[in-house]
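> below is the sequence, then the predicted model.
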Amino acid sequence: MSEPVVEIADASFGYGGAPVLSGVSFEVRAGEAVALIGPNGAGKSTLLAGLLGLAQHEARVFRVPAARGEIGTLPQSSEIDPAFPVTLEQVVAMGRTPRLGLKWPGRADRRIVAEAIEAVGLTEHRGTRFGDLSGGQRQRALLARALAGEPRLLLLDEPFNGLDHGSRDALLETVRRLKAQGVALLITTHDLDLARAVCDRTLLVNGRQIAFDETGCVLTLERVEAAFASHVMEIDGHTLATTEHHAAAHGAHHHHVLQDDGAAGAEHR
Amino acid sequence: MTPTAALIDPFTPFSVPFMGRPLLLLVALAIAAGTVGVLVNLRRLEFSTDGLTHAVFPGLVVGATLGGAAGLMPGAIGAAVVAAVVLALISRRGQPRDTAVAIVLTSFFSLGVVLVSGSGGATGSLSDFFFGRLLTITWADLGLSLALIGVAVLLVVLTARPQLYAAFDPAGARRAGLPVLVLEVVGTVAVALVVVAASASVGTLLALAVVIVPTAAARALTRSLAAAAVVAIAFGAATGWLGLWAVVQLAVLGVDVAPGATVALTMIVGYLAALAIGHLRGTSTRHSAIASSAGAAS
Amino acid sequence: MTLDFFSRALLEVTLAGALAGLVGVLVVLRERAFFTMSLTHATFPGAVAAAMLGVSIPLGAAVAAVALVAIAVGIGRIRSQGPAVASGIMLTAGFALGALLQSLSPLAIDVESFLIGQVLAVTGADIALTAVLLAVAIVVWAIAGPHLVFSSADEGGYRRAGMRPWIPEAVALALIAATVVAIMPVVGAILGVALIVAPAAAARLVVRDWRAMLVVAPLIAIASGVLGLVASRWLELAAGGAIALVAAAFYGLAWLWAEAARRPRGTIETRTPWRTTP
């Protein structure tokens, strides 16, 4: 088995005050994808911020890649002003700046940027202004930006949100390829089927760690209920674990909602 | 009265009418500070206010050329309205608001400068425009300024509730069916009226100081909006009075300082004191719901 | 080398235009126009005090600017105040303090030359200072350009990539402040801001690439300076005002051009920060 890129034991994460998430122990190996699953407010984003050093942590073991550019991130949505005068290629090239520092990009850097753009299938758009891309294309461009840093660890925050079927399959394919290249991935998602499709292990959290194991073992009805206090549903054949907020937004697609007996399930772990 | 008594007596100077008039105007501006100023603070309109103060300048030049002293006010109002419309137009077209304001500000002001130089007009007007003639304000000027300030205050008070909603959460206000654009225009017009009222009498510097500083001081001291409005009015009136008093005392000592600048600086000093007090009491460092939601909305 | 006053003015507006254009890209991309405007006012008391004391005016302006910027940065970090209030306070305080000093010594620097400058009275030292800063601006853009743009476009992403956003921020503010101090005594506050903001904003409207902005913005600024100066000579208008109006006219043209070239695009961006749903 390959060596772990991330190794966390008995960790809690927060922003000053009381910890948002505690009792966390997990690892991500090179070439492995780990799903990070939990309801809104469970502390997923705090955990990601903690791995990046942007939230505080306390831990017995805390090993993450520390060198610049070794962690790539894909945010839930772009924070770049659509009117900002940057082309797609320039956005992707930003991903090289942590490794370059103040050096000028060389031929190798330009090749890496071109490959990253190709990996997300946007080569023909590389001269397009970022703001003129569609939402899905922007998301792919930001993924390419993360790839351009040649990360050892990639943090994807809800990468499947709002993607159509084609983009979703393309993204799954990219994730598989990255795994084959030995990149460690940590992926937050509400879509349990996608987690099953591509993630080897799953970390289930809700304020504290509920489970960390092989995806198939973790994503049992009992444990998911424990984490989500019953908001699990299906949309278009995908099982989604969700919260009131999403349930309201997708109310029309509700196929079945499981009843709340989560508290008891949460106890026995 | 002995000279020493005059130095400490804070009231006697204002018994003469030419000191009473500026004081009255400053009190009116203080009321504007607690209403229009609060709106400016919540909506982050500080730069727009500065832009309006400069944009009024060509209007004053044109007004003075066409109608002499009587043309000042109509010219100023006209220029303020045009500037407000241009501002709204540019900022709705994808340019950062900041950039749009800077361009409107510099181009309007330059137009005024070019007009002055083209007509070979008086060069003293620029200084008057900024620092005004606080101590030599006439009853006619005062009346007009008070009327304009009154309208501005009324506009803000009447639309207070929806204005607050739109300031905190523009998207939510739009969804709730509020006429956000109209509210924005009403708010900007209110600011413009205060600017015009001040620029034709006491100078734009004081307009800027009055709209920005008292509310900022009040926000450092208070946590609720209603309290902030009250404190801003009290702060504006107190610092205005103190500033005037300082001008008089310095004149007695033979130092002839710019009155508008002195009053504005008194407000700044008061503001720094308010910051210090707020810091000591810890109100400004603790999480404030107003601050965080206004920050998120901007 | 001796030049007549008009040639010197032409040389200065060319250099100042190139400098303002380059720094203006930074101002526009980072949305720092209000800060720049406030900064021009913050230099005023320093310039007046320096004139009263008989020391170098840019030096006095720089000292005052640094002092007021330090105070403003402190105010901007207070939760109940924020950066917009801080800029407003800096502007009001600078202007009031300058006016007060000026009223104590009316001959020091008058408000008019502070606002619209005396480009026809430019000295060799002014030109040299502008040229040096132009070189500095070119070097900064060449070395740190990608960092400046990355942190401007996506500060959160820059931080998540393991880099510290305050470094490009400090570099940007220092460059803006130095530019304001260098060109203010010559071109004045209003013209200074016009030359910094309008050409860069115009460039932003017509190109989609920040590198192109770095070429287009200085060109527009230089053209504004030269055209405005020549027009002011022919029509006997105030040079500073004429230059600023030409710059604004260029912006207007760019705006019309962009409107005409605009493809219908109805996307409303929802800018969700990464950590809103922890």
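In hand now; what should we look at? For clarity, every value in this text was computed on a predicted model and none was experimentally measured.
> which parts of the stretch 101-250 of chain A are helices?
Taking DSSP state H, counting those that start in this stretch, the helices of the stretch 101-250 of chain A run over residues A:107-119, A:135-148, A:165-180, A:192-198, A:215-218, A:221-228, A:244-249.
> now the fifth one: average pLDDT?
Okay, so that is helix A:215-218. The predicted model assigns helix A:215-218 a mean pLDDT of 76.
> what about the helices in the stretch 1-150 of chain B?
Secondary structure of the stretch 1-150 of chain B (DSSP H, counting those that start in this stretch): helices located at B:3-8, B:17-43, B:46-67, B:72-91, B:97-118, B:124-131, B:139-158.
> meant to ask about the stretch 151-278 of chain C
Listed in chain order, the helices of the stretch 151-278 of chain C (DSSP H, counting those that start in this stretch) span C:155-160, C:166-187, C:189-206, C:210-235, C:239-261.
> the stretch 151-298 of chain B now?
Using DSSP H, counting those that start in this stretch, helices in the stretch 151-298 of chain B cover B:160-168, B:170-175, B:180-199, B:204-221, B:225-252, B:259-281, B:289-297.
> closest to residue C:50 out of those?
Among the helices of the stretch 151-298 of chain B, the nearest to residue C:50 by Cβ to Cβ is helix B:259-281 (18.2 Å). From N, CA and C alone the C-beta is placed, and that goes for glycine too.
> starting at the chain centroid, how far to that closest one?
16 Å (Cα atoms, centre = their mean, to the nearest Å).
> list the buried residues of it.
Across helix B:259-281, burial judged by 16 or more other Cβ atoms under 10 Å in any protein chain shown covers B:259-268, B:270-272, B:274-275, B:278.
> by mean pLDDT, show me the worst of the helices of the stretch 101-250 of chain A.
Of all the helices of the stretch 101-250 of chain A, the segment with the smallest mean pLDDT is helix A:244-249, scoring a mean of 42.
> tell me the contacts of the closest residue to chain B within the stretch 101-250 of chain A?
For the stretch 101-250 of chain A, the residue closest to chain B is residue A:131, as judged by Cβ to the nearest Cβ, at 9.1 Å. By Cβ atoms under 8 Å, 6 or more residues apart in numbering or on different chains, the residues touching residue A:131 are A:80, A:81, A:82, A:83, A:84.
> so which of these also contact chain B?
Among the contacts of residue A:131, the residues lying close to chain B (Cβ under 8 Å from any Cβ of the partner chain) are residue A:83.
> would you mind listing which of the contacts of residue A:131 are buried?
Using 16+ other Cβ under 10 Å, the buried ones in these are A:80, A:81, A:82, A:83, A:84.
> can you pull the pLDDT of the second one?
According to the predicted model, the pLDDT of residue A:81 comes to 80.
> can I assume it is in contact with residue C:153?
Yes. Using Cβ atoms under 8 Å, residue A:81 is in contact with residue C:153, at 7.2 Å.
> before we move on, back to that, let me have the contacts of residue A:131 in CSV, extended by distance to residue B:83 and secondary structure.
Conversion of the contacts of residue A:131 to CSV gives the following (distance: Cβ to Cβ, whole Å; DSSP: H, G, I helix; E, B strand; the rest coil):
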residue, distance to residue B:83, secondary structure
A:80, 31, coil
A:81, 25, coil
A:82, 27, coil
A:83, 23, coil
A:84, 27, coil
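> the contacts of residue A:131: which two are farthest apart?
Taking Cβ to Cβ as the measure, the contacts of residue A:131 span a maximum distance of 9.6 Å, between A:80 and A:83.
> before we move on, the earlier item: and the buried residues of helix B:259-281, which is closest to chain A?
Proximity of the buried residues of helix B:259-281 to chain A (Cβ to the nearest Cβ) peaks at residue B:278, which lies at 21.1 Å.
> the closest one contacts residue C:80, doesn't it?
Yes. Judged on Cβ under 8 Å, residue B:278 makes contact with residue C:80 at a distance of 7.1 Å.
> that older thread, deepest of the helices of the stretch 151-278 of chain C, which one?
Of all these, helix C:189-206 carries the top mean neighbour count, a mean of 30, counting by mean count of other Cβ atoms under 10 Å in any protein chain shown.
> report the mean confidence score over that one.
pLDDT averaged over helix C:189-206 gives 90.
> ends of stretch C:145-163, what's the gap?
Terminal residues of stretch C:145-163 lie 15 Å apart, using Cα to Cα, to the nearest Å.
> for that stretch, the distance to its chain's centre please.
Its chain's average C-alpha position is 22 Å from that of stretch C:145-163, according to Cα atoms, centre = their mean.
> any residue of that stretch up close to chain B?
No. Applying Cβ under 8 Å from any Cβ, one finds stretch C:145-163 separated from chain B by no less than 11.2 Å.
> OK, now which residue of chain A is nearest to chain B?
Here chain A gets closest to chain B at one residue, residue A:83, 4.6 Å apart by Cβ to the nearest Cβ.
> what residues does the stretch 1-150 of chain C put near chain A?
Counting by Cβ under 8 Å from any Cβ, the residues of the stretch 1-150 of chain C close to chain A are C:29, C:143, C:144, C:146, C:147, C:149, C:150.
> out of those residues, what pair is the most spread apart?
For the residues of the stretch 1-150 of chain C next to chain A, the farthest-apart pair by Cβ to Cβ is C:29 and C:143; their separation is 16.9 Å.
> who has more neighbours, those two?
Using other Cβ atoms under 10 Å in any protein chain shown as the criterion, residue C:29 and residue C:143 rank with residue C:29 on top: 24 against 15.
> next up, the contacts around the more buried one.
A:84, A:85, C:148, C:149, C:152, C:153, C:204, C:210, C:213.
> mind running it again at 7 Å?
By Cβ atoms under 7 Å, 6 or more residues apart in numbering or on different chains, the contact list for residue C:29 reads C:149, C:152, C:210.
> likewise residue B:267?
By Cβ under 7 Å, 6+ apart, residue B:267 lies in contact with B:209, B:213, B:214, B:239.
> wait, which of those residues is closest to residue A:66?
For the contacts of residue B:267, the nearest to residue A:66 is residue B:213 (46.4 Å; Cβ to Cβ).
> the closest one contacts residue B:269, doesn't it?
No. Between residue B:213 and residue B:269 there is no contact under Cβ atoms under 7 Å: 10.0 Å.
> returning to what we had before: which one among the contacts of residue C:29 gets closest to residue C:36?
The shortest approach to residue C:36 among the contacts of residue C:29 belongs to residue C:152, at 14.7 Å (Cβ to Cβ).
> quick check, pLDDT for the closest one.
Listed pLDDT for residue C:152 reads 90.
> residue B:284 now?
The pLDDT attached to residue B:284 in the predicted structure is 42.
> so is stretch B:48-67 next to chain C?
Yes. Applying Cβ under 7 Å from any Cβ of the partner chain, one finds stretch B:48-67 in contact with chain C at residue B:50.
> now that stretch: mean pLDDT?
Per-residue scores along stretch B:48-67 average to 84.
> buried residues in it?
If you call a residue buried by 16+ other Cβ under 10 Å, then stretch B:48-67 has these buried ones: B:48-64.
> now do the residue in the stretch 1-150 of chain A that chain C sits nearest to against residue A:120, distance only.
Relative to chain C, the nearest point of the stretch 1-150 of chain A is residue A:129 (3.8 Å; Cβ to the nearest Cβ). Counting by Cβ to Cβ, to the nearest Å, the gap from residue A:129 to residue A:120 is 17 Å.
> before we move on, what about residue C:127?
For residue C:127, the distance to residue A:120 (Cβ to Cβ) stands at 50 Å.
> show me which of these two is the more surrounded one.
The neighbour comparison of residue C:127 against residue A:120 (other Cβ under 10 Å) goes to residue A:120, with 24 against 19.
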